[in-house]
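In: kindly return the folded structure for what I paste below:
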Amino acid sequence: MSTARRVSLSAVLVAALGTTALPAAAAQAAPRVERVSVAADGTEADGASGAASLSGNGRYVAFRSDAENLTEGHQGPYDYGFVRDLWTGEVTRLKNSMGAPVISDDGRYAAHTGWGTHGINVFLTDLSTGERKQIDGKGFKDSSAHPSISADGRHIAYKLQPRHPGDPARVEVYDRETDTREVVSEGPPDAARDMVDPFISGDGRYVAYTDAGTDQVWLRDRTTGSLTRIDDGSPSTVAQVNGRTVALNSPSGAYVRDLRTGKTQRFPTATAQAVSPNGHQLLYGDSRLNIVLRDLRSGHEVRVGHGSAGAGAIAPKGRGIVYSSEDTDVVPGDTNGFRDVFVRHPH
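Out: Next up, the predicted model:
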């Protein structure tokens, strides 16, 4: 065979391979969206659902719902917390759960508020056994709210409101393994202001909270004991914190701070909703209620959906993003007329 003939055949072969290879490379699977707030058999919820978070392994979604038909059997008047297993479709209703649960990475432990002996308190439910335990305060005469759980489910941060009306609220952390409680907030000398809205990092080391009197945000390092102010000087609230990154909101918009370097990225008119466990991604809402995922390193952005999300909405390693929306065209067959919870899978 001549050299020219061999070259011609090689060119044809390369061209043919190229035409078959390009679609495979370009045909990366599009993100898949699944409705979470349905019964195990797919029945639509007969009430509104929202305030969802996703477990670290991407398997379980915890959310709040007014629906009464997501599980079988009698539903109590304050059983608003649910956990759905995305692998099996099973839906578990948490008894005496007034707000949305927050769950551990493996989906075993769920912390939530409920009616206690003297008021509203924080409970920890072991979903593998069904055991439920009130975890706040000696004698359980105080009230508590706003639980935030570590990745392994060992530490739960919460706001404790002492029974006496003159005592300010403080932030505590409960250790499930030692059955002990630790005060992590530090109020002013006059002890007149409430410390509220705690968020604990996945490793349980850091707790961010807000001074309700000054709108300052503080970070407690539970390993060293240090307490650091982490806001930018403007009235701020915390969206979520992990070991390195904190996402906050202020009147001028959202901002993200690297806790090691102090570097701050700002997003005017946006509202921070969640930050990924590795601190590389921010989920925020814009003025039109679009939910946007931003890569904080490259600046690349992807529109996730339309609605709202919150802390714990992003699972590690791109395993999924959970949010709620009133839109009826997110998935086919949405006819219940209520806000639903959805999870966006990467493919």
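In: tell me the centre residue of the protein?
Out: residue 312 (1.4 Å; CA atoms, centre = their mean).
In: find the nearest non-adjacent residue to that one, please.
Out: Closest residue to residue 312 apart from its sequence neighbours, by CB to CB, 6 or more residues apart in numbering: residue 53 at 3.1 Å. (C-beta placed from N, C-alpha, C; glycine too.)
In: next up, phi/psi of the one you found, please.
Out: Dihedral pair for residue 53: phi -140, psi 160, per degrees, to the nearest 10.
In: neighbours around it, how many?
Out: Burial measure for residue 53: 24 neighbouring residues, criterion other CB atoms under 10 Å.
In: report the beta-bridge partners for it.
Out: residue 62 (DSSP bridges).
In: can you list the buried residues in stretch 311-321?
Out: 311-316, 319-321 (16 or more other CB atoms under 10 Å).
In: that one: how far from the chain's middle?
Out: 8 Å (CA atoms, centre = their mean, to the nearest Å).
In: now the stretch 201-347 of the chain, which segments are flagged as low pLDDT?
Out: Of all residues in the stretch 201-347 of the chain, none has pLDDT under 70.
In: what about the strands in it?
Out: With DSSP state E, counting those that start in this stretch as the criterion, the stretch 201-347 of the chain has strands at 206-211, 216-221, 227-229, 237-241, 245-250, 253-258, 264-268, 271-275, 281-285, 290-295, 301-306, 321-325, 340-345.
In: so what are the sheet partners of the first one and their directions?
Out: Looking back up the chat, that one is strand 206-211. Partners of strand 206-211 in its sheet, by DSSP bridges: strand 195-200 (antiparallel), strand 216-221 (antiparallel).
In: looking at those, which is buried most?
Out: Sort the strands paired with strand 206-211 by mean neighbour count, taking mean count of other CB atoms under 10 Å, and strand 195-200 sits at the top with a mean of 24.
In: can you give me the buried ones in stretch 176-190?
Out: Quick answer for stretch 176-190 (16+ other CB under 10 Å): 176, 181, 184-185, 187.
In: so which of those residues sits lowest on pLDDT?
Out: Within these, pLDDT reaches its minimum at residue 187, with 65.
In: report the contact partners of residue 172.
Out: Applying CB atoms under 8 Å, 6 or more residues apart in numbering to residue 172 gives the contacts 136-137, 144, 157-158, 160, 181-185.
In: residue 346: which of the residues you listed is nearest?
Out: residue 157 (29.6 Å; CB to CB).
In: any idea how far the strand or helix carrying the closest one is from the chain center?
Out: Remark: residue 157 resides in strand 155-161, with elements defined by DSSP states H and E. For strand 155-161, the separation from the chain centroid amounts to 17 Å (computed by CA atoms, centre = their mean).
In: ok and that strand relative to strand 206-211, angle-wise?
Out: Here the directions of strand 155-161 and strand 206-211 differ by 20 degrees (axes from the mean of the first three to the mean of the last three CA atoms, to 10 degrees).
In: which of the residues in stretch 337-347 are buried?
Out: In stretch 337-347, counting by 16+ other CB under 10 Å, buried: 338-345.
In: helix, strand or coil for the residue nearest to residue 319 when sequence neighbours are not counted?
Out: Closest residue to residue 319 apart from its sequence neighbours, by CB to CB, 6+ apart: residue 58 at 2.9 Å. Following DSSP: H, G, I helix; E, B strand; the rest coil, we place residue 58 in the coil state.
In: residue 243 versus residue 58, what's the distance?
Out: Taking CB to CB, to the nearest Å as the measure, residue 58 falls 20 Å from residue 243.
In: neighbour-wise, which of those two wins?
Out: Each of residue 58 and residue 243 has its neighbours counted (other CB under 10 Å); residue 58 has more, 22 against 16.
In: contacts only, for the more buried one.
Out: So residue 58 contacts 86, 315-316, 319-320 (CB under 8 Å, 6+ apart).
In: mind redoing it with 7 Å?
Out: 315, 319-320 (CB atoms under 7 Å, 6 or more residues apart in numbering).
In: looking at those residues, spot the one nearest residue 200.
Out: residue 315 (17.2 Å).
In: so that closest one sits against residue 59, correct?
Out: No: the criterion here is CB atoms under 7 Å, and residue 315 misses it with residue 59 at 8.9 Å.
In: residues touching the nearest residue to residue 244 once chain neighbours are set aside, list them.
Out: Leaving aside its chain neighbours, residue 244 sits nearest to residue 279 (4.7 Å; criterion: CB to CB, 6+ apart). Residues in contact with residue 279 (CB under 7 Å, 6+ apart) are 242, 244-245.
In: ok, residue 31 next?
Out: 344-347.
In: for residue 50, same thing?
Out: Counting by CB under 7 Å, 6+ apart, residue 50 has contacts 63-64, 324, 339, 341.
In: now with 10 Å?
Out: 37, 63-66, 100, 307-310, 323-326, 338-341 (CB atoms under 10 Å, 6 or more residues apart in numbering).
In: cool, and residue 102?
Out: With CB under 10 Å, 6+ apart, residue 102 has these contacts: 51, 53, 55, 62, 81, 109-112, 146-150, 153, 156-157, 199-200, 310-312.
In: from what I see, residue 324 and residue 53 are in contact.
Out: No: in this structure, residue 324 is not within contact of residue 53 by CB atoms under 10 Å, at 11.1 Å.
In: that's all I had, so thanks and see you.
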